[in-house]
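Asker: Need the 3D shape of this:
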Amino acid sequence: MVRVVVVIAILAAFGGGIAAGALTDRGGNRSTRLHLDLRVDRGRAAPFLRRFDLAALNTGAAPDQIRSIDRPIFDTPAQARALLPASSLVVGLARGGQARAYPIDLLSLHEVVNDLVGGTPVAITWCPLCSSALAFDRHIRGRVLTFGISGLLYHANQNLFDRQTRSLWSQLAGGAVTGRMRGTPLRPIPLVETTWGKWLHAHPHTLVLSIRRDSRAYDFTHSHSFATHLGEEVSDQPYGNYTDKVSFYFGRRVRGIVDGSRVLGVIVRGQAKAYPVALLRRRRAIDDVVAHRPILLTYDDGALTGAAFSRGIRGRTLTFRPAGSELVDRQSGTRWSATSQAWPKRRISSMIGRSASPLAVSSYSTLGGVSA
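Answerer: Residues are numbered from 1 along each chain as shown. Predicted structure coming up:
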């Protein structure tokens with residue numbers, strides 16, 4: 001399985017054992033305590049476990065303190081217009097004839113949405129500390145799992161837990177790292193990270209996760225305030241205080257690139273490689289080979305979207321160059337769109353959809369954890 005993942009790293013440690021936190025009901029009332037299964041003597045071996053160090057876990061919140069959305073409510077584009085400008089960032093999923101958009105600012109408050117799209121049970125995950133968006137199939141080992149936020153961080157990346165076994169799952173490692181399900185991989189599902197306006201143009205009949213009917217709707221009509229060394233500051237971004245300081249928190253260099261740099265990360269057959277977004281923005285298209293597989297990396301400034309594709313199409317390997325707002329392959333001179341969205345014109349994703357496939361997810365963040 002090939003997937004696009006991105007990570008951010010911090011140096012911190014947390015002793016393993018059993019993590020516990022107060023479980024809240026849908027009315028916000030604290031009830032029974034929730035225990036996570038952090039045992040590592042269960043499950044099965046898996047490649048993604050080789051570099052996962054349980055001692056590097058640290059606590060960011062109590063289990064379930066950040067509430068997942070387990071019964072998502074959706075609006076039409078007309079209903080969402082007042083609270084969702086065209087420039088707002090969303091992650092989009094099109095599957096089985098259905099299209100859904102999930103506003104990133106809303107995801108920052110919940111981090112996980114357990115949904116059913118096109119008949120497939122999916123988990124839409126967003127780590128606001130890493131800016132990494134990934135979707136997974138929730139049908140795992142014969143049953144459908146429901147995911148929540150454990151409150152534990154691994155190099156600043158979120159760790160999920162499933163409510164059925166309370167095993168711990170790493171978002172960017174893409175599998176269970178503790179408990180009964182340890183060693184079980186998550187099956188990624190392709191997502192697009194872009195602006196609401198671009199997604200709506202490509203999918204005019206899309207539904208969008210409701211802001212106005214969410215329990216945190218108040219946060220979208222009132223600015224956030226937080227204390228700094230300069231006094232109180234106000235922002236309309238839930239993590240504004242954090243994102244403004246990413247370059248300060250993560251200033252070390254890894255192979256000449258600052259930890260705080262945003263990257264598009266690709267994993268192909270277990271081999272990982274990171275591409276600075278600044279470089280992608282300048283070049284717009286990069287032909288490369290990862291794990292002996294020819295790939296294409298693209299970036300679209302207008303859609304704020306990066307994507308990765310296989311260059312092996314219909315039995316041959318293509319190479320690409322920018323041409324205005326599109327790309328041209330050097331073998332046939334065909335013009336292509338530079339993103340993975342379903343544009344009404346000829347595009348890379350439509351051709352690959354008949355032979356290979358996009359490499360999975362458009363998601364990027366800072367560099368640190370790629371080298372951790």
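Asker: quick one, domains of this structure?
Answerer: By the assignment in automatic domain parsing, the chain contains the domains 3-192, 254-370.
Asker: Mind listing the residues bridging to A308?
Answerer: Counting by DSSP bridges, A308 forms beta bridges with L297.
Asker: what about it, how many neighbours?
Answerer: If you count neighbours by other C-beta atoms under 10 Å, A308 ends up with 27. Every C-beta, even on glycine, is put in place using the N, C-alpha and C of the backbone.
Asker: can you check V290 too?
Answerer: By the criterion of other C-beta under 10 Å, V290 has 18 neighbours.
Asker: for the domains of the chain, which one sits closest to R216?
Answerer: When the domains of the chain are compared by C-beta to C-beta, domain 3-192 sits nearest R216, at 4.7 Å.
Asker: where exactly do the strands run in the stretch 1-150 of the chain?
Answerer: Remark: strands assigned in the stretch 1-150 of the chain by DSSP state E, counting those that start in this stretch are 3-4, 20-24, 30-35, 57-59, 74-75, 89-95, 98-103, 112-117, 120-127, 132-137, 139-140, 143-144, 147-154.
Asker: A217 contacts I211, doesn't it?
Answerer: Yes - A217 is within contact range of I211, at 6.0 Å (criterion: C-beta atoms under 8 Å).
Asker: any residues in contact with both of those two?
Answerer: Shared contacts of A217 and I211 (C-beta atoms under 8 Å, 6 or more residues apart in numbering): L83.
Asker: quick one, which of those two is more surrounded?
Answerer: Ranked by neighbour count (other C-beta under 10 Å), A217 and I211 place I211 first, with 23 against 14.
Asker: for the more buried one, helix, strand, or coil?
Answerer: Counting by DSSP: H, G, I helix; E, B strand; the rest coil, the backbone at I211 sits in coil.
Asker: Next, format the strands of the stretch 1-150 of the chain as JSON lines and append mean neighbour count and mean pLDDT.
Answerer: Shown next, in JSON lines, are these (neighbours: other C-beta atoms under 10 Å; pLDDT from 0 to 100):
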{"stretch": "strand 3-4", "mean neighbour count": "24", "mean pLDDT": "39"}
{"stretch": "strand 20-24", "mean neighbour count": "16", "mean pLDDT": "40"}
{"stretch": "strand 30-35", "mean neighbour count": "12", "mean pLDDT": "58"}
{"stretch": "strand 57-59", "mean neighbour count": "19", "mean pLDDT": "90"}
{"stretch": "strand 74-75", "mean neighbour count": "17", "mean pLDDT": "98"}
{"stretch": "strand 89-95", "mean neighbour count": "23", "mean pLDDT": "94"}
{"stretch": "strand 98-103", "mean neighbour count": "23", "mean pLDDT": "97"}
{"stretch": "strand 112-117", "mean neighbour count": "21", "mean pLDDT": "98"}
{"stretch": "strand 120-127", "mean neighbour count": "24", "mean pLDDT": "96"}
{"stretch": "strand 132-137", "mean neighbour count": "25", "mean pLDDT": "92"}
{"stretch": "strand 139-140", "mean neighbour count": "17", "mean pLDDT": "98"}
{"stretch": "strand 143-144", "mean neighbour count": "12", "mean pLDDT": "98"}
{"stretch": "strand 147-154", "mean neighbour count": "25", "mean pLDDT": "94"}
